[in-house]
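# output the structure for:
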Amino acid sequence: MKNLIPAFFLLILPNFLFSQTENDSIKSTELEEVILVKKKKAVEQKADRTIFDFSEQAHLNSGSVMEGLKKLPGLIVSDVAGMMYQGKQLEVFMDSRPLNIYSNELTSYLESLPANSIEKVEIITQPGAEFPATSGGAIINIITSKNAKNYLSATYSNGYSYTKYDDSRHRFNNSLLVSAKNSLFGWQIQIGQSYNEAYQRSNFFSPNEVISQNFSDRTNRFYFVKTGLKFDLGNDRLLVNYDFNTSNNRSTIDANGFGFVSSDLSKNKRNRNDVALNYQKRFEDRSKKLDFRFNYNNNQNDFDLTSLINGTAGLQNNYNQNFYQFKTDYSQELKLLDETKFSIGVLADKLDFVTESFDVKNLDYWRTTYAAYSEFQSTYKKFDFILGGRLESYKIKGETNTGLLTPFDLTRFFPNATIQYNIMPQVFFNANYNKKISLPNTSALNPNNTNYQNPNVSFFGNPNLDPTIFDNYEIRVSAFEYFYIGYSISDASNQVVNRIIETPGGAASVSVNAPKLKVHNFNFGLPLPYMLFLKGLKETLKFDFNPDEINFLYIYIGHQKHFLDGIDYKGFWNFNLMSQVQLPSKIKFTLNYNTSTTGGNYQYYAIQEPFSQQLDATFAKKFLSDNLSVSLYVNDIFNTNKQGLGAIGTDLQYYSKYDSRRIGFSLNYKIPTRNKLAKEDSNFLNSTKKEEGNEVLKN
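Take a look at the predicted model:
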């Protein structure tokens, strides 16, 4: 907290230095011609989700996807405890399909994917019956697809950043998006790569000894291809998507601790294939929609750890994961109340997961899910209602090299209900309840170490984990997209959590079921236009302005408290301050500051250092008729981002620091077309049955 006051001063100072810019922008001017241009919203609040636009926000899209996500208010990312938004564990989707990668592999993937390849991010805090009950508490949906046009269009993106910790390290990325549409079909292809160098030091220790201090130097190479085809079949549409990405990561890890010294080389190769087919049946009655979707993805991972001292292999672990899903959704409007929509659907999926260590198969795990749902969405006067439920059935079986897993067989009904009172246009009160389940992810199940180990420290999963049942409650008041205040409770049984435990002579990171975990979360967001300080409230209320185009300070405050049996639980606060200032020459200057308090607990970890405490600065400007966007940024100006956690129930502590202070630039160039009269096709693709949009080739 000691950096909060100077950071706040730096956030607001540029506005007063350049206050004339804003004053000029609000002077009365007589216009001879008015051209209406639809602008994207930086933040959009909906009844069940919050949408963050990445494509037009340089402070979010200048680095990696992970760097952008860490700047979102309310989102916490931890090395050992995962990803949580406003107190809810997140299930990660990409283009509305589950990624099915987790833990350190998910972190590596999001660090490798360039943020300038992302269109927007949806965080669905109140997933209704149309979403699988296995979504747990909340879903983050990362949307990569761009707009389609009736002519050949292309966008080139590039980024570079530099850091110096004990040595110079570099990162760069390149990607090219090309799309077009003709009378028969539309197509899109995006190809890209990234190269990342990074350094991290971490330390496991107790009051009496250093268990392990590690110094890691990492090089990640990542390549991706995303393709899509859309065929118009009368009023119907067929969408075909194929995505492929591969990574080749290498790390040298020097470690020492009580009784050992080591120097190791780790190699990690990953391949991910994803195929999706979506047939969209449309009717003369445009309120009726029928979709059939099939999705298959395969994840393969090979991990080796070799000693650089004696050349012996410490680990040879790999896995192969196959996921199949079929679902169909039907919706139509009914003549009930003022407006009513009825939706039904069915789903079936299967997951196969096989792990090996030194060519010995030590886990063969599979599960199937069958589900059916129905949901009503109604409007009556100033009230909106959503009432739905899913009936889901799960079967889980498997075996290790030492015996059979305990079979799991469950059929259960999962209800959801939402009521919203629209106080006035863009101001509403919302209350929500839903029951969900979370099946153990394959990273938590994997008995093999695909991270790192030395004689004193190891990481491994637990094939015998049970699913988690959630009861989620939330109330929220929201106004004009940016202001909101809310309170939520997530009550979980058999919550899968990560813990650090003591082992003979060392420590281990393991996955276990906590019998009960209740999380209370309070969150508050408020935009403050700087003209409020310069002109006062009365004058400010006279202006009809776009919040995305003025100078403002956005304040987010959140409080989490994790209740666990057998521990002395305490809450913690987290803060996000974001300042946007329009400088001369149409340069947009953004400062973003994150921090949290210490002394509370995050699941089974005592917070000893603030989460993600850093101040970032970004300068952005558009050139060449707005076709070229260039941004310069400095992340973690004061080099304060570090992690310090105590393992509750032990005297062990974990400390981590990486090269978070980084200087870089990024650019997006929309290659101009010769067809000056070409128009965007606003009905190129439907992303979900709720929204008919112009996003391309995602389903």
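# host element of Tyr654?
Element membership for Tyr654 (DSSP states H and E) is strand 653-658.
# helices or strands next to that strand in the packing?
Contact analysis of strand 653-658 by 3 or more CB pairs under 8 Å, 6 or more residues apart in numbering; DSSP states H and E lists strand 185-205, strand 642-647 as its packing neighbours. C-beta coordinates here come from the backbone N, C-alpha and C atoms, glycine included.
# for Val240, find the nearest of those.
Val240 lies closest, by CB to CB, to one member of the helices and strands packed on strand 653-658: strand 185-205, at 9.5 Å.
# got the buried residues for the closest one?
Going by neighbour count (16 or more other CB atoms under 10 Å), the buried part of strand 185-205 is 186-190, 192, 194-205.
# same check, this time on stretch 344-353
Ile344, Gly345, Leu347, Asp349, Leu351, Phe353.
# what are the buried residues along the helix or strand containing Leu305?
Assessed by DSSP H and E, Leu305 sits inside strand 289-307. Buried positions in strand 289-307, judged by neighbour count with 16+ other CB under 10 Å: 289-291, 293, 295, 297-299, 301-303, 305-306.
# which of those lies closest to Lys382?
Lys289 (27.0 Å).
# the closest one touches Ser331, doesn't it?
Yes - using CB atoms under 8 Å, Lys289 makes contact with Ser331 at a distance of 5.2 Å.
# ok, and what's touching the strand holding Tyr654?
79-80, 198-206, 500, 605, 608-609, 641-647 (CB atoms under 8 Å, 6 or more residues apart in numbering).
# apply 7 Å and report the result again.
79-80, 198-205, 500, 642-647 (CB atoms under 7 Å, 6 or more residues apart in numbering).
# pull the distance from stretch 464-484 to the chain's centre.
Distance of stretch 464-484 from the chain centroid (CA atoms, centre = their mean, to the nearest Å) equals 15 Å.
# what about that stretch, how long is it end to end?
41 Å (CA to CA, to the nearest Å).
# give the buried residues for that stretch.
465-470, 472, 474, 476-479, 481-484.
# tell me which entries of those residues lie within strands.
In this view, the buried residues of stretch 464-484 that belong to strands under DSSP state E are Thr468, Ile469, Phe470, Asn472, Glu474, Arg476, Val477, Ser478, Ala479, Phe483, Tyr484.
# roughly how far apart are the third one and Lys120?
From Phe470 over to Lys120 the distance is 26 Å, taken as CB to CB, to the nearest Å.
# same question, the last one
Tyr484 sits 18 Å away from Lys120, going by CB to CB.
# quick check, pLDDT for Glu691.
Listed pLDDT for Glu691 reads 40.
# gap between stretch 166-179 and the chain center?
Centroid separation for stretch 166-179 versus its chain: 20 Å, with CA atoms, centre = their mean.
# can you check stretch 47-56 too?
Stretch 47-56 sits 11 Å away from the centroid of its parent chain (CA atoms, centre = their mean).
# dump that stretch to PDB, keeping only the CA atoms.
Provided in PDB are the C-alpha atoms of stretch 47-56 (Å, rounded to 0.1, in the frame of the first residue of the first chain):
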ATOM      1  CA  ALA A  47     -27.200  -8.900 -17.200                       C
ATOM      2  CA  ASP A  48     -24.900 -12.000 -17.100                       C
ATOM      3  CA  ARG A  49     -21.500 -10.800 -18.200                       C
ATOM      4  CA  THR A  50     -19.000  -7.900 -18.500                       C
ATOM      5  CA  ILE A  51     -17.300  -7.400 -21.900                       C
ATOM      6  CA  PHE A  52     -13.900  -5.800 -22.300                       C
ATOM      7  CA  ASP A  53     -12.900  -4.600 -25.700                       C
ATOM      8  CA  PHE A  54      -9.200  -5.400 -26.400                       C
ATOM      9  CA  SER A  55      -9.000  -4.300 -30.100                       C
ATOM     10  CA  GLU A  56      -9.200  -0.500 -29.400                       C
END
